[in-house]
Every structure is written in structure tokens, then in C-alpha cells.
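**Q** Give me the fold of what follows.
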Amino acid sequence: MPVSLPKIRIIASACITRYDSGEREISDIVSSYNMASEDRDLVLAHVYSRKPELKNSEAAVQ
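**A** Residues are numbered from 1 along each chain as shown. I've put the predicted structure just below:
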């Protein structure tokens, strides 16, 4: 069952907070939530739209 858009935004905000507090890479944080790959992609897209610099840091790591 797909996650609603408000829940996507809440999870994205939580992921950003965890990242800002010094946890792992953003993709690892998002993966720690039990979601379907489609929902994970939506959360990452929302994270990157709010903090575009994270997308660049992820590309450098991979």
C-alpha cells in the first residue's frame, strides 16, 4: 500500500533531522524506514528538493 503524501513529507523531515544530527548518509537513513522502493524514491526526491546539497554529497560518495 502506497504511503500518503503527508506521510512522505513527515518521513523526509525526520530523515533530514537525523542527517543533520550526524547520522549516516541520507540514503542509509531513508533505507532504515520499512518502505516500498517507490515510497523510498518519493522520500528521497522530497529530501533532495528541500536540501539539494545532499544529492551532490550522495553522488560524491557513490
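**Q** buried set for stretch 2-12?
**A** Within stretch 2-12, the residues scored as buried using 16 or more other C-beta atoms under 10 Å are 3, 8, 11, 12. C-beta coordinates here come from the backbone N, C-alpha and C atoms, glycine included.
**Q** ranges for the helices of this structure?
**A** 5-20, 26-31, 37-50, 52-61 (DSSP state H).
**Q** can I get those helices in JSON lines with mean pLDDT?
**A** As requested, those are arranged in JSON lines below (pLDDT from 0 to 100):
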{"stretch": "helix 5-20", "mean pLDDT": "96"}
{"stretch": "helix 26-31", "mean pLDDT": "94"}
{"stretch": "helix 37-50", "mean pLDDT": "95"}
{"stretch": "helix 52-61", "mean pLDDT": "71"}
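**Q** just those helices: most buried one?
**A** The highest average neighbour count among the helices of the chain, using mean count of other C-beta atoms under 10 Å, belongs to helix 26-31 at a mean of 18.
**Q** And for the residue nearest the centre of the chain, nearest residue in space, chain neighbours not counted?
**A** The chain has residue 44 as the residue nearest its centroid, 3.9 Å off, counting by C-alpha atoms, centre = their mean. Leaving aside its chain neighbours, residue 44 sits nearest to residue 30 (5.7 Å; criterion: C-beta to C-beta, 6 or more residues apart in numbering).
**Q** what's the answer for residue 9, then?
**A** Nearest to residue 9 is residue 46, by C-beta to C-beta, 6+ apart, at 6.2 Å.
**Q** quick one: that neighbour and residue 8, what's the gap?
**A** Separation of residue 46 from residue 8 (C-beta to C-beta, to the nearest Å) stands at 6 Å.
**Q** likewise residue 25?
**A** Distance of residue 25 to residue 8, given as C-beta to C-beta: 19 Å.
**Q** same deal with residue 36?
**A** 12 Å.
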